[in-house]
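[1] structure, please.
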Amino acid sequence: MKRNTAKLILLAAAVIAASCAKEPATTEDIAQGYKINIEADFSATKAVADGGAATFAVGEQICVYNKTQNALDANLLSAASAGANTTFSGTLAGTYAVGDVLQLFYNTTSEVVDYTTQDGTIGGVADVAVATVSVTGVSGGTVSTGKASFTNLQSIFKFTFKNGTSPLNVRAVTIRSAGGKLVAKDDQIADTKTYGAVSISNDVAQPAVYAALKFDANASDVISFTLVDENGILYTGTKAAPAGGLVDGKFYTSVVSVTPTATMPFPFTISTGPATAAYLAAGNLYYKDGQYSFYPCKAPFYEPSESLLTAAERRDRSWFQWSVVDTKFASSASTQDVYFNGTASKGWFALTKDQVNCLISGRSTLMDSGVAAIYKVTNTTGILLPPDNATPADVEGLLKDSNNSLTEPQVLRYISKGFAFLRCSGWYHSENSYNIGSKGYYWTATSYSDANAYECHFDSSVFPTTGNQPKTQYFPVRLAHN
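    Here you go, the predicted structure:
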């Protein structure tokens, strides 16, 4: 649908007319290949935000489902012209009879409305409408029907996000409903809905995120957001639904306040006996200008300016000897301090060897079917780890040990869902850096001997496993918080 920047179609009205309407109706079955024309306009019922004008675009499509015969027509009907009025035309592939009830699905090529594939732009929203009509006659190779009025299935939102007073440009955002009634997929024919998170990402950072969202039973709902901005910083925030709930077919403009988070938003089980969970840090440990922080979730996974630094200078920022892990993060609570955004926080620790093994392969059946998996992202290898609350829908398409290739926007989408991405950040030894982007080594908090300590390692052909290396090696560190 063609739109101005800040306007939306909320309700569409359509008039179904046959090109040979004067011919008498018949009750005989219709042979395949009959023509149909659907005249449509928005002028009668459209609601527009900010005074814009809504128009059809050439090529917009309608799919036709014969509810009486339980048959989805294989052919689509297309808009012949642009403007406030158009005609959707095409040839039906199925068999029809007078009295058949037809469902028309506007702006979609399927009866299943998928809200999880949006890209955050106004042109990429899943803005779907439906109408129901009956076949009234057949004549001269043309099907005629009654009049149709399209109704939108969802609301459209324009979200802008702010950290304090600073607006954010967003690469990826995941939206959830506290009431569990945010629709991820809506099968109009089966009349079934899949509830869950809706994640949106784009190659380009967006100053405003547009989303088509459908909520059920949402009068007192609270909507939560986890997002990654253009700098790779992770943020979280919430917004209460308006009084009276959210209404399908409405356009909402919402400013959401979010705050940066040092941890992933959901816990990960790190021990099953006794059951223990922790929040993984949002990024690898990073040291610069006398301050510890966590490196952002973005490629190329180290500062672009660091390419100008020597390996030793990068070592002092991104890689650490085991003694640092031991003295600062694996001993008593009084020394478990790390600085994030200038604020000292207690409770940070490095995972033990057993905790790492649990995290990678000892958690739930979801992990067994799903997804501590090796992925290549913009030529960088890493692993994605789902949080404990991940659903089968969250891990759809991700296979354990799969060596998949994902785009950076896809990985950022999973990070906004709460997945932890452990990248292959390489390592440092004897005044040189090695294997940045191709191999991953992470220290654990467990000593192997006076000289060696346990680490977790992986690459594009080796699934994460633990081994031991000299404590004098420089490896990355991913901390956790209790």
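[2] isn't Leu77 up against Thr86?
    No - under the criterion of CB atoms under 8 Å, Leu77 makes no contact with Thr86, lying 10.8 Å away. The way it works is simple: take the backbone N, C-alpha and C, and place the C-beta from them, glycine included.
[3] contacts only, for the residue positioned nearest the centre of the chain.
    Central residue of the chain (CA atoms, centre = their mean): Ser199, 2.2 Å from the mean position. Going by CB atoms under 8 Å, 6 or more residues apart in numbering, Ser199 touches 116, 172-175, 413-414, 416-417.
[4] show me the helices in the stretch 251-400 of the chain, by range?
    311-318, 322-324, 353-361, 365-369 (DSSP state H, counting those that start in this stretch).
[5] quick check: which of these is nearest to Arg423?
    Across these, Arg423 has its closest neighbour in helix 311-318 (10.7 Å, CB to CB).
[6] which SS state does the residue nearest to the centre of the chain fall under?
    Following DSSP: H, G, I helix; E, B strand; the rest coil, Ser199 is assigned to strand.
[7] cool, and the one 5 residues further on?
    Classification of Val204 using three-state DSSP returns strand.
[8] so how far is Ala212 from it?
    According to CB to CB, to the nearest Å, Val204 and Ala212 sit 19 Å apart.
[9] out of these two, which sits in the busier spot?
    Neighbour totals were compared for Val204 and Ala212, and Ala212 leads with 21 against 11 (other CB atoms under 10 Å).
[10] that one: which element?
    Taking DSSP states H and E as the criterion, Ala212 maps to strand 209-213.
[11] what's in contact with the following helix or strand past that strand?
    Next along the chain after strand 209-213, taking DSSP H and E as the criterion, comes strand 222-229. With CB under 8 Å, 6+ apart as the test, strand 222-229 has contacts from 159, 161, 168-179, 182, 205, 234-241, 256, 258, 265, 297-298, 412, 415-418.
[12] apply 6 Å and report the result again.
    Counting by CB atoms under 6 Å, 6 or more residues apart in numbering, the neighbours of strand 222-229 from elsewhere in the structure are 168, 170-176, 178, 234-240, 256, 265, 297, 412, 415-416.
[13] again, but for stretch 283-291
    Stretch 283-291 is contacted from outside by 293-297, 317, 339, 476-479, using CB under 6 Å, 6+ apart.
[14] switch the cut-off to 8 Å
    Stretch 283-291 is contacted from outside by 232, 292-297, 316-318, 320, 338-339, 342, 423, 425, 476-479, using CB under 8 Å, 6+ apart.
[15] how close does the residue nearest to the centre of the chain get to Ala393?
    For Ser199, the distance to Ala393 equals 10 Å [CB to CB].
[16] what sits in contact with each of the two?
    Common neighbours of Ser199 and Ala393 (CB under 8 Å, 6+ apart) are Thr116.
[17] ok, and for the top strand by length along the chain, which residues are buried?
    For the chain, the longest strand by residue count, based on DSSP state E, is strand 129-139. The neighbour-count check on strand 129-139 (16 or more other CB atoms under 10 Å) flags 129-131, 133, 135-139 as buried.
[18] go on, stretch 150-170?
    Going by neighbour count (16+ other CB under 10 Å), the buried part of stretch 150-170 is 150-159, 161, 168, 170.
[19] end-to-end on it?
    End-to-end distance of stretch 150-170 (CA to CA, to the nearest Å): 33 Å.
[20] tell me the mean pLDDT over it?
    What stretch 150-170 shows for mean pLDDT is 92.
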